[in-house]
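Visitor: Below is the sequence, then the predicted model.
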Amino acid sequence: MLNIVLFGPPGAGKGTQSQKLIEEFGLTHISTGDLFRKHLGEGTELGKKARAFMDEGRLVPDQLVIDMVDDRLREENNLQGIIFDGFPRTIPQAKALDELLNQKETPITGMIALSVPDDELIARIVERGKTSGRADDQDKAKIATRLQVYQTETLPVATYYETQGRYELIDGVGSIDNIYERIKEAVARLQNIAG
Ligand code: AMP
């Protein structure tokens, strides 16, 4: 099985590259941002709890995120593997994910992190905001908050995987196809390490 955490700041291209990995490797896509937007759209209790955090560009509390992923994993039995997009975003989430996957005896193969400079990220998010309909993509202050939250709360998650020797940092600037080639090379390296 190939279980990948696709990591990077907002606007790094995680969603775009996930789609390509899914097609090629037959993986399941678990994006916590997409799951929350679905809850918001359906007006569920979870959606109501998450809305204020999302509107401000802040992280939804860990336990809500972890319970949602737990539920999602329970209904999942894709033997090819899973790509986690936008999750884990904190150390407690990373630890919880390891525990959830231990129960399924299918550990994370590794993290692939996309590196993109802030000015490029802001340009991409603003461009996406023209069509995504996402309020958090259309407001400069919210974008700034999200980038700040990434630096302070989410970046330590990279170290969590790096110290365990299951981490690949990829240059996330260039054409979609070029970046995807780099990701595929990283996948191969992680698979070698995982044996
Ligand atoms: P995304 O689509 O991944 O950029 O997520 C959009 C918003 O959903 C984020 O700004 C957070 O408010 C919330 N969110 C998504 N994933 C997580 C997560 N793993 N932990 C906490 N909040 C999250």
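Guide: Received, thanks. Numbers count the residues shown, from 1 in each chain.
Visitor: List the contacts of whichever residue of the chain sits closest to the ligand.
Guide: Nearest residue of the chain to the ligand: residue 33, at 2.1 Å (CB to the nearest ligand atom). C-beta: built from backbone N, CA, C; applies to glycine. The contact partners of residue 33, by CB atoms under 8 Å, 6 or more residues apart in numbering, come to 85, 86.
Visitor: same question, residue 111
Guide: 4, 5, 6, 7, 157, 158, 161, 162, 166, 167, 168.
Visitor: I'd like to know how far residue 176 sits from residue 167.
Guide: 23 Å (CB to CB, to the nearest Å).
Visitor: So between the two, which is more surrounded?
Guide: For residue 176 versus residue 167, neighbours defined as other CB atoms under 10 Å are more numerous around residue 167 (20 against 11).
Visitor: Return the residues of this protein in contact with the ligand.
Guide: 10, 32-33, 36, 53-54, 57-60, 65, 86-87, 89, 93, 136, 146 (CB under 6 Å from any ligand atom).
Visitor: What is the top helix by length along the chain packed up against?
Guide: Scanning the chain for the helix with the most residues, using DSSP state H, yields helix 176-194. On a contact count with 3 or more CB pairs under 8 Å, 6 or more residues apart in numbering; DSSP states H and E, helix 176-194 meets helix 14-25, strand 110-115, strand 167-171.
Visitor: Pick the most buried one from these.
Guide: strand 110-115 (a mean of 22; mean count of other CB atoms under 10 Å).
Visitor: What pairs with that strand, parallel or antiparallel?
Guide: strand 4-7 (parallel), strand 167-171 (parallel) (DSSP bridges).
Visitor: quick check: mean pLDDT across it?
Guide: Computed over strand 110-115, the mean pLDDT rounds to 98.
Visitor: what do you get for stretch 38-54?
Guide: Rounded mean pLDDT across stretch 38-54 is 96.
Visitor: pLDDT below threshold where in the chain?
Guide: Along the chain, no part satisfies pLDDT under 70.
Visitor: contacting residues for the closest residue to residue 2 other than its chain neighbours?
Guide: With sequence-adjacent residues excluded and distances taken as CB to CB, 6 or more residues apart in numbering, residue 2 is closest to residue 81, at 3.7 Å. For residue 81, the contact set (CB under 8 Å, 6+ apart) comprises 1, 2, 3, 4, 25, 27, 28, 106, 109.
Visitor: and of the helices and strands packed on helix 176-194, who's closest to residue 142?
Guide: helix 14-25 (17.8 Å; CB to CB).
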